[in-house]
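*Asks:* Pasting the sequence and the predicted model now:
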Amino acid sequence: MVRHRRRVLTAAAVVVGLSTVPGVAAHAAPRTPQPDADCSLNLVDALTRLPDDETTLVCVDQGGGSYRWVTYDSPYPMSDRWFSYGPELRLRGQGLRNPEMMSGRWTGYPQDPDGRCGAEQIEVLRAGEVGPAQTVTGRPGEPTEITVSPTMYSIELTGHCLWQQAG
């Protein structure tokens, strides 16, 4: 009986210990955002889009240490924080009406120790003409910096990454 209790207490201590490690706790939330699913503190106020390419979600602080993905209620989502998680996150730039990502310096922060952030940007050259895709791929586990052009037509963000506009 004493031996059994000791094992239970040891197992409980390991579970409590692991839940306080930021890297482990961050992975407890689902990797694919879904409405009403958990998200993590570092993603609060970040937007993301579901694979249907229509539904936009925002990570909201529910209070009491609870963070949830909820449907973002705007026909024209725009943010200085975007979360990419697997399928490409396609966003419109200032080269189109109703941009979703503004020009300037952006940094992609991998959410996994060996994660890689990437971006493929297309700019408007002149009316009715776009240029070739400009691709940036970061190193594993390191932030990736990009400069979004004021004439960006579209961008595809890749990787399990939090993208944040500088300044």
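*Replies:* On my side now, so go ahead.

*Asks:* Secondary structure element holding residue 62?
*Replies:* Element membership for residue 62, per DSSP states H and E: strand 56-63.

*Asks:* Please spell out which residues along the helix or strand just after that strand are buried.
*Replies:* Remark: after strand 56-63, the chain's next helix or strand is strand 66-71, criterion DSSP H and E. Under the neighbour-count criterion of 16 or more other CB atoms under 10 Å, strand 66-71 has 67, 68, 69 buried. In this view, the C-beta of every residue, glycine as well, is placed from N, C-alpha and C.

*Asks:* and for the helix or strand just after strand 66-71, what are the contacting residues?
*Replies:* For strand 66-71, the succeeding helix or strand toward the C-terminus, using DSSP H and E, is strand 81-84. Surrounding strand 81-84, the residues in contact under the criterion CB atoms under 8 Å, 6 or more residues apart in numbering are 33, 43, 45-48, 59, 89, 91, 101, 108, 117, 157-165.

*Asks:* can you pull out the helices in the protein?
*Replies:* Under the criterion DSSP state H, helices of the chain are mapped to 2-19, 22-26.

*Asks:* just for the chain, where's the confidence low?
*Replies:* Flagging of the chain using pLDDT under 70 yields the residue ranges 1-30.

*Asks:* Just the endpoints, please. Distance across stretch 90-98?
*Replies:* In stretch 90-98, first residue to last residue: 14 Å (CA to CA, to the nearest Å).

*Asks:* now do stretch 98-114
*Replies:* Counting by CA to CA, you get 34 Å between the two ends of stretch 98-114.

*Asks:* Check stretch 154-167 too.
*Replies:* 22 Å.

*Asks:* Now that stretch: buried residues?
*Replies:* For stretch 154-167, a neighbour-count test (16+ other CB under 10 Å) marks 154, 155, 156, 157, 158, 159, 160, 161, 162, 163, 164, 165 as buried.
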